[in-house]
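Trainee: Dropping the sequence and predicted coords here.
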Amino acid sequence: MSRAKGNIGEDKASVFLEDNAYLIIEKNFYSRFGEIDIIASKDNVLHFIEVKSGLDYESAVQNITPSKLSKFIKTVHVYMKKNALDADFMIDAVIVTPQKIELIENITL
C-alpha cells in the first residue's frame, strides 16, 4: 500500500479514536525495529495502535503477521524505555475498510 493510502487510513483511525474518547499522544513513532502508527491514551492506559486498511476486513487483518507483530512489540518497548514510562499499556489494531472502522483491543501473538 502506498504511503498516501496509509496516511488516509491513519487519519480515519485517528478521528475514530478521538470520537471514542482516546487522546492521541503521538503518530508514526519509529525505531530500528519498525513503526507505531498511533499512540493514544484512554482511562490511564496507553494504547499502541497498528492501523491496517483494506478493501475488506479479512484482507486488512491478514496483514498483521506474527513477524510484524513481533517487531511492533519491540518498538513499543523502545518507546517505553525512551520515555522512561512505567504504565499500563495495550497493543491494539484499528481496521479501516470502506464499510467501517473497527478497533481490536489487546492483540497478541
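Mentor: Yep, it's here. Residues are numbered from 1 along each chain as shown.

Trainee: Okay, the closest residue in space to residue 45 that isn't next to it in sequence and residue 53: tell me how far apart.
Mentor: In this structure, residue 45 finds its nearest non-sequential neighbour in residue 88, 4.8 Å apart by CB to CB, 6 or more residues apart in numbering. Just so you know, the C-beta spots here come from the backbone N, C-alpha and C atoms, and that holds for glycine as well. In this structure, residue 88 and residue 53 are 28 Å apart, going by CB to CB, to the nearest Å.

Trainee: Neighbour count: those two, which is higher?
Mentor: The neighbour comparison of residue 88 against residue 53 (other CB atoms under 10 Å) goes to residue 53, with 22 against 9.

Trainee: Verify the contact between that one and residue 64 for me.
Mentor: No - using CB atoms under 8 Å, residue 53 makes no contact with residue 64, being 11.9 Å away.

Trainee: coming back round to it: phi and psi next, for the residue nearest to residue 45.
Mentor: phi -70, psi 140 (degrees, to the nearest 10).

Trainee: now do residue 39
Mentor: phi -120, psi 120.

Trainee: again with residue 46
Mentor: Note on residue 46: its backbone torsions stand at phi -80, psi 140 [degrees, to the nearest 10].
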